[in-house]
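Enquirer: Okay, structure incoming, though there's no sequence with it:
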C-alpha cells in the first residue's frame, strides 16, 4: 500500500482543482474524547470536536476550530448547537488514486486508508484526506 502522506498533489499530471459543494450534514459535538470509525479507518477526536455525518453513511470528526471555519449552521440553528450545518464552498486539490493507498490526517493524527478509485483531497498545505469514489461526486465538483 502506497503512503501519500506529505505528497504535493500539484505534481501529479491528473491532479485537478475541485470545489466543495454546500452539502447539508448532521453534526453533534463530542462531550468527551473518543475514536470515530470512519470509512477510511478509526480517527480520534477530543471533547468539543464536531462529529459530522454525511448522507451516504459516512462520518468524520472535525476539530472545533476548523469546523466553524468550514461549516455554517442551517437557520435557525445557532452555531455550536447539535443539528444541521452546511459546508462552505471551498477550493481544494484532488487526485484519483488507482491503487490501495494511505495518508496521514495531520489534523487528527490518524492514518487513513483508501481503495483503488478513491480520491486524495488536499484541504490545505500538509493536510490531506480521502474521499470514497462513490461519495466524491456528491461532495465535490471538478473545476
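Expert: Nice, I can see it. Since the model is a prediction, treat every value here as computed from it, not as a measurement.
Enquirer: now this protein, which segments are flagged as low pLDDT?
Expert: Counting by pLDDT under 70, the chain contains no low-confidence residues.
Enquirer: need the helices for this protein, in chain order.
Expert: Assigned by DSSP state H, the helices in the chain fall at 64-70, 136-139.
Enquirer: Which of those helices sits closest to residue 39?
Expert: Among the helices of the chain, helix 136-139 comes nearest to residue 39, with 11.8 Å by Cβ to Cβ. Any C-beta I mention is one placed from the backbone N, CA and C, and that applies to glycine too.
Enquirer: Same question for the closest one: list its buried residues.
Expert: 136, 139 (16 or more other Cβ atoms under 10 Å).
Enquirer: which secondary structure elements does that helix contact?
Expert: Packed against helix 136-139 by the contact rule (3 or more Cβ pairs under 8 Å, 6 or more residues apart in numbering; DSSP states H and E) you find no helix or strand.
Enquirer: Compute the distance between the residue located most distally from the centre of the chain and residue 143, please.
Expert: Computed with Cα atoms, centre = their mean, the residue of the chain farthest from its C-alpha average is residue 76, at 25.0 Å. For residue 76, the distance to residue 143 (Cβ to Cβ, to the nearest Å) stands at 33 Å.
Enquirer: Likewise for residue 99?
Expert: Counting by Cβ to Cβ, the gap from residue 99 to residue 143 is 25 Å.
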